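Peer 1: Next comes the sequence, and after it the predicted model I'd like to discuss.
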Amino acid sequence: MIDFQNKRALVVTAILLLLLPLLLQSMGNFWVRTADMALLYVLLALGLNIVVGFAGLLDLGFVAFFAIGAYLYGLMASPHLAETFEWFAQVFPNGLHTPIWLVIPLAALLAGIFGILLGAPTLKLRGDYLAIVTLGFGEIIRVFMNNLDHPVNITNGPKGLGQIDGITVLGVPLAKPLEIGGFTLSSVTLYYYLFMVLVVASVIICHRLELSRIGRAWMAIREDEIAAKAMGINTRNMKLLAFGMGATFGGVSGSMFAAFQGFISPESFSLMESVMIVAMVVLGGIGHLPGVILGAVLLSALPEVLRWVSGLLDLQALTGGRLDAAILRQLLIALAMIIIMLMRPRGLWPSPEHGKSLAKTA
């Protein structure tokens, strides 16, 4: 009976997720775009959960892998390289137009390599010290992206990269509306379905990792690294694998973000983005996949909902211009996070295993 109920719940959830963009599209593309960005943040939160939730390694520079994936796709799917380098224009006169089946593996591979490079010098660090090092790594990547326009213009600096190609799947360009039987699917709706496929695949991968020997080794390191090492676990390789695996999710999400936006700049990969991604994992429930997904959806969609509410109420007109809607939105988000963490310190949807262990120790 339990298995049947679980399968029925999965079928109902799948139907709701498939119909969600169609319902939101009737209310306006703004809401579908909000759902698209929520899915991208779910990808990021799932990747960070491997590092923080499974392996217990605090990473405050995760947005760096997001930036690496975005700039990789931006360079491979925009005329920037052809306009900047004459030799490149001679080889690719029309510029690079990289297909999706090549972008995703390359973004995952490059971000994974940088994740291992980040993890290598931090193997002996834990807690606050590890957080400071990863924080510095994230800022270094952002500063590099902001200054790699001189003497050789690679990233176009603070001006950012524009004219980035959209994604084409099976000959269908997602950047253009698609008509099916007299019904028009907007561009943001088509991207929603692509992002949903990536999220489902990522959830399956994370779930299998959690149940595998690698996942159990990560959790052993998280609980007690010395005991894990005494039991024969190669903690060095396991930590590097956690950094590399988590970074791949950030790279894929970044490449999708660049294709979806059509423009990227260093401002999109600030420290606040890293803090928000960490907050998604902690708020939802560290190490628990449903909780991480819930935290990512709430923290990514809540600002846009509050933006709509503040615009609907016209707060500036009501307060004579003394209350800025953007500041109020940040205030309400911070207040909600404080209240939730005070009332549910283990997250909105914590892992059942953590709850059992805490109950026994209490």
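Peer 2: Here it is on my side, so go on. Numbers count the residues shown, from 1 in each chain.
Peer 1: Tally up the residues packed near A89, please.
Peer 2: A89 has 15 neighbours, counted by other CB atoms under 10 Å. Glycine gets a C-beta too; all of them are placed from N, C-alpha and C.
Peer 1: ok, which stretches of this structure are strands?
Peer 2: Along the chain, counting by DSSP state E, strands occupy 168-169, 172-173, 178-180, 183-185.
Peer 1: and the ones you listed as CSV, adding mean pLDDT?
Peer 2: As requested, the strands of the chain are arranged in CSV below (pLDDT from 0 to 100):
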stretch, mean pLDDT
strand 168-169, 90
strand 172-173, 90
strand 178-180, 87
strand 183-185, 87
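Peer 1: Just say which of those is most tucked in.
Peer 2: Sort the strands of the chain by mean neighbour count, taking mean count of other CB atoms under 10 Å, and strand 168-169 sits at the top with a mean of 15.
Peer 1: Determine the number of other residues adjacent to the residue lying closest to A259 once chain neighbours are set aside.
Peer 2: Closest residue to A259 apart from its sequence neighbours, by CB to CB, 6 or more residues apart in numbering: I167 at 4.7 Å. The burial count assigned to I167 is 23, neighbours taken as other CB under 10 Å.
Peer 1: Now do I167, the pLDDT please.
Peer 2: With respect to pLDDT, I167 scores 93.
Peer 1: wait, it sits on L174?
Peer 2: Yes - the pair I167 / L174 is scored as a contact, 4.9 Å apart, by CB atoms under 8 Å.
Peer 1: Need the residues touching each of the two.
Peer 2: In terms of CB atoms under 8 Å, 6 or more residues apart in numbering, I167 and L174 are both contacted by the residues 191, 194, 259.
Peer 1: Could you tell me which ranges of the stretch 1-150 of the chain sit under the pLDDT cut-off?
Peer 2: For the stretch 1-150 of the chain, the stretches flagged by pLDDT under 70 are 1-5.
Peer 1: go with 90
Peer 2: 1-14, 25-30, 58, 79, 81-101, 103, 118-119, 121-128, 130-131, 149-150 (pLDDT under 90).
Peer 1: What segments of it are helices?
Peer 2: 2-27, 29-49, 63-76, 80-84, 86-91, 100-119, 127-147 (DSSP state H, counting those that start in this stretch).
Peer 1: Now the phi/psi pair for R126, please.
Peer 2: Per-residue torsions, R126: phi -140, psi 160 (degrees, to the nearest 10).
Peer 1: what about it, how many neighbours?
Peer 2: Using other CB under 10 Å, R126 has 13 other residues around it.
Peer 1: Quickly note the distance from it to S186.
Peer 2: 47 Å (CB to CB, to the nearest Å).
Peer 1: List the residues that contact the spatially most central residue of the chain.
Peer 2: The residue lying closest to the centre of the chain (CA atoms, centre = their mean) is L44, at 2.0 Å. Neighbouring residues of L44 by CB under 8 Å, 6+ apart: 62, 66, 249-250, 253, 277, 280, 296.
Peer 1: separation between A64 and V275?
Peer 2: Taken as CB to CB, the span from A64 to V275 is 13 Å.
Peer 1: Tell me which of these two has more neighbours.
Peer 2: Per other CB under 10 Å, whichever of A64 and V275 has more neighbours is A64, with 29 against 14.
Peer 1: So that one is in contact with L135, correct?
Peer 2: No - using CB under 8 Å, A64 is not in contact with L135, being 10.0 Å away.
Peer 1: Report the set of residues contacting both of those two.
Peer 2: S274.
Peer 1: one step back: and which of the shared contacts of I167 and L174 is nearest to M231?
Peer 2: L194 (42.0 Å; CB to CB).
Peer 1: returning to that earlier point: which of the shared contacts of I167 and L174 fall within helices?
Peer 2: Under the assignment DSSP state H, these contribute 191, 194, 259 to helices.
Peer 1: wait, what's in contact with the first one?
Peer 2: Remark: with contacts taken as CB under 8 Å, 6+ apart, Y191 is in contact with 36, 167, 174, 260.
Peer 1: quick one: which of those is nearest L306?
Peer 2: L306 lies nearest to D36 out of these, by CB to CB, at 18.2 Å.
Peer 1: ok, back up a step: include distance to M76 when you put the strands of the chain into a markdown table, please.
Peer 2: Formatted as a markdown table, the strands of the chain follow (distance: least, CB to CB, whole Å):
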| stretch | distance to M76 |
| --- | --- |
| strand 168-169 | 14 |
| strand 172-173 | 17 |
| strand 178-180 | 24 |
| strand 183-185 | 26 |
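Peer 1: nearest to M219, of those strands?
Peer 2: If you check each of the strands of the chain against M219 by CB to CB, strand 168-169 wins as the nearest, at 36.3 Å.
Peer 1: Which strands border the closest one, and is each parallel or antiparallel?
Peer 2: Sheet partners assigned to strand 168-169 using DSSP bridges are listed as strand 172-173 (antiparallel).
Peer 1: How about residues contacting the partner strand?
Peer 2: With contact meaning CB under 8 Å, 6+ apart, strand 172-173 is reached by 166-167, 178, 190.
Peer 1: Please apply the same query to stretch 123-136.
Peer 2: 57-62, 118, 121-122, 225, 235-236, 239-240, 271, 274.
Peer 1: State the pLDDT value of H354.
Peer 2: Taking H354 on its own, its pLDDT is 47.
Peer 1: same question but for A301, I mixed them up
Peer 2: 88.
Peer 1: swap in the one 4 residues further on?
Peer 2: pLDDT, V305: 81.
Peer 1: what does S310 give?
Peer 2: Note for S310: predicted pLDDT of 68.
Peer 1: May I have the phi/psi pair for L170?
Peer 2: Per-residue torsions, L170: phi 50, psi 40 (degrees, to the nearest 10).
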